[in-house]
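# Only the shape, not the letters, is given here:
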């Protein structure tokens, strides 16, 4: 892992003459070590470099007029090499940052503020499990992980101007660690109800000194305005739709891909296309650091994902009740023995890198990650140890028909995420995917259960066929916007009674309701219709909430006419609105901010008979304070601005360029989602999550696609691809997503092999 060893770190703390003597010996010792290296080791390094050079020469990258890389290579592995190289060209900082976090080494860069994240990473044993998975992986998955590491190392070797903050050499197993970190630390762990900082209580309980484990941390992602959103709906969601040929003018199935992720940090999207001589032809998007697109389409089919909430994580209260044997814990009528180990985390401080050793403990259920009311709590995460999702996504992208796609997903290695599919044969398919454990129904699995009771054990996993799913419904359409699988379409949904209660938790939501209305009321979609619908800004909740507000105002006139009169013009603006958000709409500003403010007041349990009226009054007062008038266009408030990739090293500013956005939070019932974060001292609000990548695809004999990335391909402010797509994003327009080689060549600005400094125009 390239960690400084504890012995070396201890040496750094030696005082005076002893340390100077030790340091003076470094050149001698280094020379001795180098001389002792077997000749074959240097040969292996040279052979690796020669192999990478050969692969690089075999790969051609076409950068189209939006900077999207189309990577052509003779093998699938060579395409991974080229795809990760292109990512590194556009945002090496983010790749390295994501991997640093995935390896549990963020504290070496960020200090105490990420210590809890690293502690959790080590408690979950993500690096150990990643190494073990790589060691046992064979075949194509191993080839791809090797190619990814080779591509990154080749990039560093040929771009000396890029200075890594920590990782100067990438190992193939790092990609397995990054995948585990993304899936389990970013998506699944929070489903347990535990806070990341609680890992400190577990570690402190094992620390005989009782010392604190470090100062408080910050989230890995930019915090959203969470109080502004109802708890029953996820703040950051996603949309995906599909329709059969019966609902299209062309007679071809259509797919809408619309994940909503943070615009900054490890979860941001990157668009790319890989095409190999081994029949791999996949275009779509992935997180930075991924070996290939994880959503998108090939020439036969396509799919998207949304976050779902299957019960794939449980908490167990463990009873360590034998004082003579501290690692013994009660299980049934007997005891089992826990495993305890010490891990060292290097932490950046004002004085340099400081090693800190922490004790961790796990039972057969999983690691102890919290102590509540004196009770140790272990967490069990579905398929944490097994892995396999790199192979599953790869096989999904190689599938040529629905049977092959379902066979790939039947691995159920990917532990969560809804999937929605369409193909050129006109089939559409949806599944509430998850590695859902089989459990006894005697327990309330929403709370920690008694770990000493053998009846609380998981009994394997539900199979692919046992998960909620739907193929070719008679309605001709399906959608999922993070809501329950039982409202996927208007008629013929999976039957809720056919599945155990613990399998799903979701209810319906406003984004799903507006999606079903659009899909059910539009008789037949042209491809242009489909694209427009994908960025629709109709605001569903305003249709019910504004009449309620107006009714309150009418009542207010009878009891406090003077107070009501002050709101008359604003009420008239809302009543005259067509319920469509635009960047010029003043009514949207009033409605969106009032809806949000009312939600905040409710969350704070404010008692007020005129709560909606109060929310509107407060919004008007704020607008007058900041803008001098309440008549403010939505696009003046709601803005898109690109800051540094991680989102933590820069702040948003009204003084810097930004663009107006018509989208809004999903809770108002809008398809085009855009979540903002208020910034202290700034009048405007800036986007931090929402429609981050969007694609519309038509599956005819020749695939037709359009796409859009929130900012652009490159994180370099000097690049022409840094903020170019944001211009389209602001106007609700797509760009072409070229797929065939002739059209790619026609629209390419430069063509090159990885490592080349001289680029050429496509022939």
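Right, received. Where do you want to start? What you see is a predicted model, and the numbers here were worked out from it, not measured in a lab. Residues are numbered from 1 along each chain as shown.
# what residues are up against the residue lying closest to residue 256 once chain neighbours are set aside?
Computed as CB to CB, 6 or more residues apart in numbering, the closest residue to residue 256 that is not its neighbour in sequence is residue 241, at 4.0 Å. C-beta coordinates here come from the backbone N, C-alpha and C atoms, glycine included. By CB atoms under 8 Å, 6 or more residues apart in numbering, the contact set of residue 241 is 254, 255, 256, 420, 477, 478, 479, 515, 519, 534.
# check contacts around the first one.
Think residue 254. Neighbours of residue 254 in contact, by CB under 8 Å, 6+ apart: 241-243, 247-248, 422, 525, 527, 530, 696-699.
# Point out the ones among those that are inside strands.
Judged by DSSP state E, the contacts of residue 254 include 241, 242, 243, 422, 696, 697, 698, 699 as members of strands.
# now those in a markdown table, with distance to residue 276 and pLDDT?
Listed next are the ones in strands among the contacts of residue 254 as a markdown table, based on distance: CB to CB, whole Å; pLDDT from 0 to 100:
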| residue | distance to residue 276 | pLDDT |
| --- | --- | --- |
| 241 | 30 | 98 |
| 242 | 27 | 98 |
| 243 | 31 | 98 |
| 422 | 23 | 98 |
| 696 | 25 | 98 |
| 697 | 20 | 98 |
| 698 | 24 | 98 |
| 699 | 21 | 98 |
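# Can you lay out the residues you listed as TSV showing distance to residue 318?
Output for those, formatted as TSV (distance: CB to CB, whole Å):
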residue	distance to residue 318
241	45
242	45
243	50
422	46
696	50
697	49
698	54
699	51
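# Report the distance from stretch 171-179 to the chain centre.
17 Å (CA atoms, centre = their mean, to the nearest Å).
# same question, stretch 347-367
Counting by CA atoms, centre = their mean, stretch 347-367 comes out at 26 Å from the chain centroid.
# mean confidence score for that stretch?
Stretch 347-367 shows a mean pLDDT of 96.
# Could you do stretch 371-378 as well?
Averaged over stretch 371-378, pLDDT sits at 95.
# Quick one: end-to-end length of it, please.
9 Å (CA to CA, to the nearest Å).
# what residues does that stretch touch?
Contacts of stretch 371-378 (CB under 8 Å, 6+ apart): 194, 198, 201-202, 204-205, 315-318, 320, 361-363, 365-370, 448, 451.
# Give me the subset of those residues lying in helices.
With helices taken from DSSP state H, the overlap with the contacts of stretch 371-378 comprises 201, 202, 204, 205.
# now the residues you listed as CSV including pLDDT?
Converted to CSV, the ones in helices among the contacts of stretch 371-378 look like this (pLDDT from 0 to 100):
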residue, pLDDT
201, 88
202, 90
204, 83
205, 76
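# With neighbour count and distance to residue 157 added, can I get those residues in TSV?
Formatted as TSV, the ones in helices among the contacts of stretch 371-378 follow (neighbours: other CB atoms under 10 Å; distance: CB to CB, whole Å):
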residue	neighbour count	distance to residue 157
201	17	44
202	28	42
204	16	44
205	16	46
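# Report the secondary structure state of residue 639.
strand (DSSP: H, G, I helix; E, B strand; the rest coil).
# Leaving out chain neighbours, which residue sits closest to it?
residue 658 (4.1 Å).
# Am I right that residue 413 is in a strand?
No. Read with three-state DSSP, residue 413 is coil and lies in no strand.
# Please tell me how far the residue nearest to it when sequence neighbours are not counted sits from residue 139.
Distances taken as CB to CB, 6+ apart put residue 388 closest to residue 413, at 3.2 Å, once the chain neighbours are dropped. Per CB to CB, to the nearest Å, residue 388 is found 12 Å from residue 139.
# If anything else comes up later, I'll come back, but that's it for now.
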